[in-house]
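Visitor: Please find the sequence and the predicted model below.
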Amino acid sequence: MTELRKRGAGGAGGGDPDSTENISDKEADGEDRLGLPSEGEGDLEGDCKADTPDVPPSSDNTPQCLNKALEGLSSRWKNWWIRGILSVTMIVGFFLIIYLGPLMLIFVVMSIQIKCFQEIITIGYRVYHSYELPWFRTLSWYFLICVNYFFYGETVADYFGALVQREEPLQFLVRYHRFISFALYLAGFCMFVLSLVKKHYRLQFYMFAWTHVTLLIVVTQSHLVIQNLFEGMIWFIVPISIVICNDIMAYLFGFFFGRTPLIKLSPKKTWEGFIGGFFSTVVFGFIFAYLLSQYQYFVCPVEYNSETNRFAVGCEPSDLFVMQEYTLPAVAQNILRWKTVNLYPFQIHSIALSTFGSLIGPFGGFFASGFKRAFKIKDFADTIPGHGGIMDRFDCQYLMATFVHVYIASFIRGPNPSKVLQQLLVLQPEQQLSIFNTLRNHLREKGMLPPAVLEQ
């Protein structure tokens with residue numbers, strides 16, 4: 001049929017082989033199976049089965065011991081117990097990882113990032129695998145490596161200056177880091193262009209966009225999580241715990257008291273759960289911030305010690321983590337009968353974090369629900385029984401990480417002497433000497449140098 005069309009077109013005057021009149025039956029059928037509207041079709045709501053390719057349903061991987069122990073319960077209560085047991089297990093694991101230190105937390109964040117990327121890319125592969133797109137999975141993972149190299153190379157340059165200064169190969173990589181990153185990405189871009197197949201142009205560009213949006217959502221924001229960690233473990237632990245608390249409390253309030261649907265994208269979400277989760281999370285965040293603010297291990301920036309080749313967490317706590325006295329408003333004084341209260345300033349910031357995590361954070365989950373509904377799947381994967389995939393648990397965390405990073409940059413972070421020193425150590429000796437002389441003259445003009453130094 002295709003050959004007849006080509007010959008017919010050639011006999012009619014040699015029409016453009018790429019024109020719509022010369023599309024093969026197989027090609028047109030390919031677009032129909034994707035649910036792509038033809039030129040005469042209106043924009044229809046994509047609820048019918050033909051609009052979305054079928055994705056194989058996730059399997060139930062609940063441990064047999066749990067299934068046997070809960071077999072007498074209704075599906076609603078069985079799911080409640082499974083989610084509860086696995087939630088407690090994950091929380092215990094989370095605090096164990098915190099105990100193991102910052103390096104382990106970085107590895108865990110990177111592992112979660114890779115797993116979330118794999119889950120989203122796998123959905124695309126399952127949907128479109130019958131088209132046998134050339135290099136789709138290979139290029140997806142290649143771009144993941146390129147983007148990680150770019151972001152974590154920047155981190156090495158920022159926080160490991162002393163190590164870079166010692167190792168000559170690292171100096172070369174840091175000096176030309178952005179050029180190398182761009183060259184790596186450019187190689188992947190050229191590979192994609194070379195992989196284009198006439199029958200699948202549109203679909204291949206869909207999947208190219210799919211991969212890049214996934215990188216934006218997963219890799220960029222997981223990098224921000226690690227950036228927050230370097231500001232102090234409290235900026236990592238409290239926001240994550242806030243989202244976990246909100247998720248749990250919203251589920252519990254919705255399970256026992258939920259009556260009013262909240263949003264169509266997520267029919268099981270209720271206003272009762274949303275409101276109950278908000279107030280519970282604000283209280284939890286306030287108390288949890290108070291507890292962690294007392295320990296240097298949590299409040300000090302995470303820094304690399306070049307002498308011990310280990311991460312060090314020790315400093316003189318900033319004013320943010322020093323108890324201060326605040327005068328209450330007159331209305332609060334009349335109610336509480338107190339004129340002043342002693343708080344850590346970070347507790348006040350925790351209210352802002354909890355408010356965002358409770359009111360805006362869930363929209364990350366709603367976004368994920370819309371994505372899953374678009375492809376008629378319940379969960380991203382079946383990694384965690386009762387919870388779905390890793391991405392199902394971290395859909396709100398990524399949005400929270402971005403907010404915390406912006407919040408720190410806007411309201412908290414000041415000049416970081418340690419980071420400036422790390423950057424100075426990477427400079428050439430002549431540049432270091434020039435900066436030293438400039439700084440000495442500046443301090444001399446301000447009268448901050450002792451006489452002994454001025455005489456030298």
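Guide: Alright, I've got the coordinates.
Visitor: all strands for the stretch 101-250 of the chain, in order.
Guide: Using DSSP state E, counting those that start in this stretch, no strands are assigned anywhere in the stretch 101-250 of the chain.
Visitor: Low-confidence ranges, it, go.
Guide: For the stretch 101-250 of the chain, applying pLDDT under 70 flags the ranges 128-131, 161-163, 165.
Visitor: which residues of it fall in helices?
Guide: Under the criterion DSSP state H, counting those that start in this stretch, the stretch 101-250 of the chain contains helices at 102-128, 136-159, 161-166, 168-175, 177-195, 201-215, 221-230, 233-257.
Visitor: want to throw these into a markdown table with mean neighbour count and distance to Leu328?
Guide: (C-beta placed from N, C-alpha, C; glycine too.) Listed next are the helices of the stretch 101-250 of the chain as a markdown table, based on neighbours: other C-beta atoms under 10 Å; distance: least, C-beta to C-beta, whole Å:
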| stretch | mean neighbour count | distance to Leu328 |
| --- | --- | --- |
| helix 102-128 | 19 | 37 |
| helix 136-159 | 18 | 40 |
| helix 161-166 | 18 | 45 |
| helix 168-175 | 13 | 51 |
| helix 177-195 | 14 | 51 |
| helix 201-215 | 17 | 47 |
| helix 221-230 | 22 | 31 |
| helix 233-257 | 22 | 24 |
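Visitor: how about the ones you listed, which one is nearest Met90?
Guide: Judged by C-beta to C-beta, the one of those that comes nearest to Met90 is helix 233-257, at 8.5 Å.
Visitor: which helices and strands sit right next to the closest one?
Guide: The contact analysis (3 or more C-beta pairs under 8 Å, 6 or more residues apart in numbering; DSSP states H and E) places helix 233-257 against helix 75-100, helix 102-128, helix 221-230, strand 266-270, helix 271-292, helix 296-299, helix 345-359, helix 390-407.
Visitor: would you turn these into a markdown table with distance to Ser195?
Guide: Converted to a markdown table, those look like this (distance: least, C-beta to C-beta, whole Å):
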| stretch | distance to Ser195 |
| --- | --- |
| helix 75-100 | 39 |
| helix 102-128 | 14 |
| helix 221-230 | 27 |
| strand 266-270 | 37 |
| helix 271-292 | 45 |
| helix 296-299 | 48 |
| helix 345-359 | 41 |
| helix 390-407 | 27 |
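Visitor: nearest to Asp392, of the helices of the stretch 101-250 of the chain?
Guide: Comparison of the helices of the stretch 101-250 of the chain against Asp392 by C-beta to C-beta identifies helix 102-128 as nearest, at 8.6 Å.
Visitor: could you check the angle helix 75-100 makes with that closest one?
Guide: 140 degrees (axes from the mean of the first three to the mean of the last three C-alpha atoms, to 10 degrees).
Visitor: Tell me what angle helix 102-128 forms with helix 221-230.
Guide: Computed by the same axes, to 10 degrees, the angle between helix 102-128 and helix 221-230 is 170 degrees.
Visitor: just to revisit the earlier point, need the helices of the stretch 101-250 of the chain in TSV (columns: distance to Ala401).
Guide: What follows is those, written out as TSV (distance: least, C-beta to C-beta, whole Å):
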stretch	distance to Ala401
helix 102-128	9
helix 136-159	13
helix 161-166	25
helix 168-175	25
helix 177-195	22
helix 201-215	15
helix 221-230	4
helix 233-257	7
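Visitor: one step back: the helices and strands packed on helix 233-257: which one's closest to Ala332?
Guide: Between Ala332 and those, the shortest gap by C-beta to C-beta is with helix 345-359, which sits at 13.9 Å.
Visitor: Can you name every helix or strand that the closest one contacts?
Guide: In terms of contacts (3+ C-beta pairs under 8 Å, 6+ apart), helix 345-359 is packed against helix 233-257, helix 271-292, helix 390-407.
Visitor: what would these look like in JSON lines with distance to Phe208?
Guide: Formatted as JSON lines, these follow (distance: least, C-beta to C-beta, whole Å):
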{"stretch": "helix 233-257", "distance to Phe208": "31"}
{"stretch": "helix 271-292", "distance to Phe208": "37"}
{"stretch": "helix 390-407", "distance to Phe208": "20"}
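Visitor: Compare those and give me the one nearest Leu359.
Guide: Using C-beta to C-beta and comparing the helices and strands packed on helix 345-359, the one that lies nearest Leu359 is helix 271-292, at 6.4 Å.
Visitor: Specify the angle between that closest one and helix 233-257 in degrees.
Guide: Going by the same axes, to 10 degrees, helix 271-292 makes 150 degrees with helix 233-257.
Visitor: if we look at helix 271-292, which residues are touching it?
Guide: 234, 237-238, 241-242, 245-247, 249-255, 257-262, 298-299, 343-344, 346-347, 349-351, 353-355, 357-359, 362 (C-beta atoms under 8 Å, 6 or more residues apart in numbering).
Visitor: now that we're looking at the closest residue to Leu215 other than its chain neighbours, how far away is Glu154 from it?
Guide: Nearest residue to Leu215 in three dimensions, chain neighbours excluded: Val147, at 5.2 Å (C-beta to C-beta, 6 or more residues apart in numbering). Computed as C-beta to C-beta, to the nearest Å, the Val147 to Glu154 distance reads 11 Å.
Visitor: Please apply the same query to Val404.
Guide: Computed as C-beta to C-beta, the Val404 to Glu154 distance reads 18 Å.
Visitor: picking that back up, wait, which of the helices and strands packed on helix 233-257 is closest to Gly188?
Guide: With C-beta to C-beta, the closest approach to Gly188 among those belongs to helix 102-128: 14.5 Å.
Visitor: Which secondary structure elements does that closest one sit against?
Guide: Using 3+ C-beta pairs under 8 Å, 6+ apart as the contact criterion, the neighbours of helix 102-128 among helices and strands are helix 75-100, helix 136-159, helix 201-215, helix 221-230, helix 233-257, helix 390-407.
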